[in-house]
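**Student:** This is a predicted model, with the sequence first.
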Amino acid sequence: MIPFLDLRLATEELRPEMDEAVARVMRSGVYILGPEVETFEREFAEYCGARHCVGVANGLDALTLLLRGLAIGAGDEVIVPAHTYIATWLAVSATGARVVPVEPSPETCNLDAQRVEEAIGAHTRAIVAVHLYGQTAAMEELGEIAQRRGVVLVADAAQAHGVDLGGYSAAFSFYPTKNLGALGDGGAVVTDDAALAERIRVLGNCGSGEKYSNEVRGVNSRLDSLQAAVLRVKLRHLDEWNHRRREIARCYLDQLAGIPGLTLPNIADGCDSVWHVFAMRYPRRDWLARQLAREEIGTLVHPVPPHLSGAYRDAGLGRGSFPIAEQIAEQELSLPLHPHLTWEQVEEIVGSVCLAACLPLRARA
Ligand SMILES: Cc1ncc(COP(=O)(O)O)c(C=O)c1O
């Protein structure tokens, strides 16, 4: 049995360090924010090559507070990928702004810069580029467009801990399945802009910069000390884990190349990936998933693009509004890819995919 992911493996590998970190927080008597969170913020900012980091309660809040910190709200429009996890859209909606979805490039599944340029209008305030599946969006091209058109570019880096952020402010999630995952919820914003970082800090602490002085209507979105302590332990292993992810992805790309009908992930020139997931495409996706399940290999499917979800029914974006995003959602299948996958398991997965994908050919012959 090869599950898609088993979160216990990372915890077990680091058990002594994690136990010590948790015990340290218990002894400290400080359970929300405090020195552990401040130290994590410093370490994560440095890791990302950014000047500031603000820990918050989760990735959705990180993105919402980043946008609110930029004073984005009702009457504004924000460009988002049509193909992303729904939280990217929810963050924009939570500010009161309107989402303007843009189709992805069919090659990279990330934002298509030319389409972004076409979608910019009089009310556009920002572009949220998502580093989906761990692959950086085309930040250079998007940055040039954003600067020329006078809009802000930020990144949803929830799936991309460890990529070069290119100097752009970014929102992270530390949901347990992420490349850097907590033992619960967590999130952060990293930025070079000190004033923006301070606004986010205040907004996430009930609008309070000073105790009992509430100047803005904030929310409660703080990072727990326990999660910060756990994240500090895991951060020390992130590069090594991302390296292992890259090796496994390289192996899948080499070994699965040339299978008829199978479209493998494509990392564009000038982009990088930390391989949060290995999302490939196959026209008979559900059938392939069933074949692999028969071999006891777990896979993952993200079947519904945000515009077809009930949450955005009132936006009037029915089926056919974003055909590229819809086709990706119909065909995408992610294979297991995590740092604790063994080479034997990788070999077994490759063998099973090759065999399954060749079955229809054999049946025809
Ligand atoms: C692209 C993307 N954005 C935002 C989020 C939201 O993160 P969280 O679940 O921590 O709120 C996620 C998490 O799944 C994500 O994958």
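**Tutor:** Nice, thanks for sending it over. These figures come from a predicted structure and were not determined experimentally.
**Student:** For the protein, what lies in contact range of the ligand?
**Tutor:** Residues of the chain lying near the ligand by C-beta under 6 Å from any ligand atom: 58-60, 84-85, 87-88, 130, 156, 158-159, 173, 175, 185, 187. In short, each C-beta sits where N, CA and C put it, glycine included.
**Student:** which strand is the longest one in this structure?
**Tutor:** strand 124-130 (DSSP state E).
**Student:** quick one: contacts of whichever helix or strand comes after that strand?
**Tutor:** Next helix or strand after strand 124-130 toward the C-terminus (DSSP states H and E): helix 139-149. Helix 139-149 is contacted from outside by 111, 113, 116-117, 120, 124, 127, 129, 152-153, 155, 166, 168, 270, using C-beta atoms under 8 Å, 6 or more residues apart in numbering.
**Student:** Dump the helix or strand hosting residue 26 to CSV, keeping only the CA atoms.
**Tutor:** Residue 26 belongs to helix 15-28 when assigned by DSSP H and E. C-alpha atoms of helix 15-28 as CSV (Å, rounded to 0.1, in the frame of the first residue of the first chain):
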residue,chain,number,x,y,z
ARG,A,15,10.4,13.2,16.9
PRO,A,16,13.2,14.0,19.4
GLU,A,17,13.6,17.6,18.1
MET,A,18,9.8,18.1,18.0
ASP,A,19,9.4,16.7,21.5
GLU,A,20,12.0,19.1,22.8
ALA,A,21,10.4,22.1,21.0
VAL,A,22,6.9,21.3,22.3
ALA,A,23,8.3,20.8,25.8
ARG,A,24,10.1,24.2,25.6
VAL,A,25,6.8,26.0,24.7
MET,A,26,4.9,24.2,27.5
ARG,A,27,7.5,25.3,30.0
SER,A,28,7.6,28.9,28.7
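**Student:** Going C-terminal from that helix, what's the next secondary structure element?
**Tutor:** Going down the chain from helix 15-28, the next helix or strand is helix 34-48, by DSSP H and E.
**Student:** Against which helices or strands is the helix or strand just after that following helix packed?
**Tutor:** Following helix 34-48 in sequence order, the next helix or strand is strand 52-56 (DSSP H and E). Contacting strand 52-56 under the criterion 3 or more C-beta pairs under 8 Å, 6 or more residues apart in numbering; DSSP states H and E are the following elements: helix 34-48, helix 59-69, strand 187-191, helix 194-203.
**Student:** any low-confidence regions in the chain?
**Tutor:** Scanning the chain for pLDDT under 70 picks out 359-365.
**Student:** residues contacting the residue in it positioned nearest to the ligand?
**Tutor:** As assessed by C-beta to the nearest ligand atom, the ligand sits closest to residue 59 within the chain, at 2.4 Å. By C-beta under 8 Å, 6+ apart, the contact set of residue 59 is 87, 156, 158, 171, 172, 173, 174, 175, 187.
**Student:** so of the residues you listed, which ones are in strands?
**Tutor:** Per DSSP E, the contacts of residue 59 map to strands at 156, 171, 172, 173, 187.
**Student:** With adjacent residues omitted, what lies nearest to residue 312?
**Tutor:** Spatially, and ignoring its direct neighbours in sequence, residue 312 is nearest to residue 306 (5.8 Å; C-beta to C-beta, 6 or more residues apart in numbering).
**Student:** can you pull the contacts of residue 295?
**Tutor:** By C-beta under 8 Å, 6+ apart, the neighbours of residue 295 are 348, 352, 356.
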